[in-house]
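K.L.:
What follows is a predicted protein model with its sequence.
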Amino acid sequence: MRQLLLGLPVPLLLILLWDLGVRHGWTLPFDIRMSQVPAPLEVARRLADIAFGGLTNDPFSGELARHTWASGVRVVSGFTMAAALAIPLGVLMGRSRLLSSLLDPVINLVRPIPVTAWVPLALIIIGIGDRATIFLVFLAAFFPILLNTITAVHQVPNRLLEAAAMLGTPRRQALYKVIVPAAAPGIIGG
């Protein structure tokens, strides 16, 4: 309760300053004209209308749940595709020096490009719509999952593989019986 009470004054002060700035038409640095910003009460009223409906008569009244669901589907779709590609690729790159040597230059070339820089290219190639959004979510999730998977696979102790071999685990099965389970915490963290 004390933490909640200590956390309230600053947001309340910011809302009060926001309201005063709108009422008195303050001009802030970078030429931000508060007279063109809606008041906090109007923002709260519109938010309530979008969430529950019935306050204004517009096409977005009561549509928040539907739009939240659509956004969630896009995020889950992009993340699922990224995980489905990055995890197996990361496991293979973590175990194969040849594959790692082949793909590392391309990955290290593309990885630092921010997702926002891909937006114009995605709009040109894919177009406006769900597919472009899913692609951008895919890009945002792919590299962290891939790099964490590679790191987790690298950190699997060789002793585990030796023990599995001594217990009769065939080399081909060691990948999914030893390496993937041992690397699972790092993969999930990614």
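P.N.:
Arrived safely, thanks for sending.
K.L.:
give me the element T68 is part of.
P.N.:
Using DSSP states H and E, T68 sits within helix 64-95.
K.L.:
Looking at that helix now, give me its mean pLDDT.
P.N.:
Per-residue pLDDT over helix 64-95 has a mean of 96.
K.L.:
and the following helix or strand past it, what does it pack onto?
P.N.:
Later in the chain than helix 64-95, the nearest helix or strand by DSSP H and E is helix 97-110. Judged by 3 or more C-beta pairs under 8 Å, 6 or more residues apart in numbering; DSSP states H and E, helix 97-110 is in contact with helix 64-95, helix 130-154. Where C-beta positions appear, they are placed from N, C-alpha and C, glycine not excepted.
K.L.:
Deepest-packed of these, please.
P.N.:
Among the helices and strands packed on helix 97-110, helix 130-154 has the highest mean neighbour count (mean count of other C-beta atoms under 10 Å), at a mean of 20.
K.L.:
outside of the helix or strand following that one, which residues touch it?
P.N.:
Note on helix 130-154: by DSSP H and E, the next helix or strand toward the C-terminus is helix 158-166. Residues outside helix 158-166 that contact it (C-beta atoms under 8 Å, 6 or more residues apart in numbering) are 171, 174, 177-179, 182.
K.L.:
Out of those, the closest to P157 would be?
P.N.:
Checking those against P157 by C-beta to C-beta gives A182 as the nearest, at 7.6 Å.
K.L.:
right, and the helices and strands packed on helix 97-110 - which one's nearest L5?
P.N.:
helix 64-95 (29.5 Å).
K.L.:
Nearest spatial neighbour of D49, chain-adjacent residues omitted?
P.N.:
L55 (3.8 Å; C-beta to C-beta, 6 or more residues apart in numbering).
K.L.:
pLDDT score for the one you found?
P.N.:
82.
K.L.:
what's the burial count for it?
P.N.:
Residues lying near L55 (other C-beta atoms under 10 Å) number 15.
K.L.:
same deal with E63?
P.N.:
E63 has 15 nearby residues by other C-beta under 10 Å.
K.L.:
Run through the residues that contact it.
P.N.:
Taking C-beta under 8 Å, 6+ apart as the criterion, E63 is in contact with 50, 53.
K.L.:
if we can go back for a sec, which of the contacts of helix 158-166 count as buried?
P.N.:
Buried members of the contacts of helix 158-166, counted by 16 or more other C-beta atoms under 10 Å: 174, 178-179, 182.
K.L.:
Closest one to F135 out of these, please.
P.N.:
For those, the nearest to F135 is I179 (29.9 Å; C-beta to C-beta).
K.L.:
quick one, what contacts the closest one?
P.N.:
91, 94-95, 153, 156, 161.
K.L.:
from those, which single one is nearest A48?
P.N.:
Nearest to A48 among the contacts of I179: V91, at 47.9 Å, using C-beta to C-beta.
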